[in-house]
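*Asks:* Sequence and predicted structure, then a few things I'm wondering about:
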Amino acid sequence: MADKTARKENGLWETVKTIFWALIIAGIFRTLFFQPFWIPSGSMKDTLLIGDFLFVNKMAYGYSAVSCPFSICPISGRILEREPERGDVVVFRHPTKDVDFIKRLIGMPGDRIQMQNGIVIINGTPVPQEPNGFFTEPKEPQGPGQQLPSCSNDPVPQGGECRVERATETLPNGVRHDVLNITNAAYADNTPEFTVPEGQYFFMGDNRDNSEDSRFPPQIGGLGYVPKEYLIGRADLILFSSAGKSLLYFWTWRPDRFLKSVH
């Protein structure tokens, strides 16, 4: 009987140790290599949809870009070992707000960036766009915030077809990606020229008229430039996507977005 009790206690102890080390390994893995991220807004449509669940590749820009295990040291102690590339979809810490953002890298250090009539101009050269039909979705509440999408064809009744003009943009390094355009008269469709400081980056959302990004200075509550030490990693792959209020509502998962590459 004593032997049986001892074996039971040993088995329980082994289980506890296994769980403990599994949690430690998972914590290290998350801290050093990948970070889960759930898309909370429509600023990156149609590249990323509200409810997309993805892992951020924290090794994309070098080991010390994620720096301190278990986040025991400040962001300012991190060192970017590899330069991100123009067109990367990047998760970063907002420089003035305690939240993580995800946007597309448009401007590198030293670049001059401007918007004119909804077209990006990089170092004096307009970035070409090719019309690519429309992005359509139901005008229904989306995600946990139950946000209604903005549409080019507004007013659209709830439940109706929301349409937004789509174009394929080709950045100077050849990266091609889709952007959405609701109007050419939005606040940030015509901007002054921004010169990106050394060691900082200029980010924009693909849903150009529905994105709080580097076109808006921090003085008015916007993003402004993002210092390199605030970069967390690159978004490479969508694991799955939920069109409902919660990731747990598996019946609302979008079947066409399982293991979908981000580009």
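*Replies:* Nice, I can see it.

*Asks:* Helix, strand, or coil at the residue most central in space within the chain?
*Replies:* Central residue of the chain (Cα atoms, centre = their mean): residue 102, 2.5 Å from the mean position. Classification of residue 102 by DSSP: H, G, I helix; E, B strand; the rest coil places it in strand.

*Asks:* how close does residue 142 get to residue 225?
*Replies:* 29 Å (Cβ to Cβ, to the nearest Å). All C-beta atoms are positioned from the backbone trio N, CA, C, and that covers glycine.

*Asks:* quick one: the strands in the stretch 151-263 of the chain?
*Replies:* Along the stretch 151-263 of the chain, the segments classed as strands by DSSP state E, counting those that start in this stretch run 161-170, 176-181, 194-195, 200-204, 226-227, 231-241, 260-261.

*Asks:* now what about the third one, what contacts it?
*Replies:* Residues outside strand 194-195 that contact it (Cβ atoms under 8 Å, 6 or more residues apart in numbering): 107, 110, 111, 112, 113, 114, 202, 214, 215, 225.

*Asks:* The fifth one too?
*Replies:* Under the contact criterion Cβ under 8 Å, 6+ apart, strand 226-227 has outside partners 92, 95, 199, 200, 201, 202, 203, 214.

*Asks:* Quick check: the fifth one touching residue 113?
*Replies:* Spelled out, that is residue 201. No - Residue 201 lies out of contact with residue 113 (Cβ atoms under 8 Å); the separation is 10.3 Å.

*Asks:* For burial, what's the neighbour tally of residue 220?
*Replies:* 7 (other Cβ atoms under 10 Å).

*Asks:* Please disregard the earlier target; I meant residue 192.
*Replies:* As a burial measure, residue 192 scores 8 neighbours (other Cβ under 10 Å).

*Asks:* Run through the residues that contact it.
*Replies:* Going by Cβ under 8 Å, 6+ apart, residue 192 touches residue 114.

*Asks:* Buried by neighbour count, from the contacts of strand 226-227: which ones?
*Replies:* 92, 95, 200, 201, 202, 203, 214 (16 or more other Cβ atoms under 10 Å).

*Asks:* Just give me the closest of those to residue 41.
*Replies:* Distances from residue 41 to those, taken as Cβ to Cβ, are shortest for residue 203 (14.0 Å).

*Asks:* excluding its backbone neighbours, what's nearest the closest one?
*Replies:* residue 103 (3.7 Å; Cβ to Cβ, 6 or more residues apart in numbering).

*Asks:* what about residue 247, distance to residue 46?
*Replies:* Shown here: residue 247 relative to residue 46, a distance of 20 Å by Cβ to Cβ.

*Asks:* Please say which of the two ends up with more neighbours.
*Replies:* Neighbour totals were compared for residue 247 and residue 46, and residue 46 leads with 18 against 15 (other Cβ under 10 Å).

*Asks:* Tell me what the closest residue in space to that one that isn't next to it in sequence is bridged to.
*Replies:* In space, residue 46 comes closest to residue 135 once its chain neighbours are excluded; the distance is 4.5 Å by Cβ to Cβ, 6+ apart. Residue 135 forms beta bridges with residue 164, as assigned by DSSP bridges.

*Asks:* Quick check on the contacts of strand 194-195: which are buried?
*Replies:* If you count burial by 16+ other Cβ under 10 Å, the buried members of those come out as 107, 111, 113, 114, 202, 214, 215, 225.

*Asks:* Of these, which is the nearest to residue 190?
*Replies:* residue 114 (8.7 Å).
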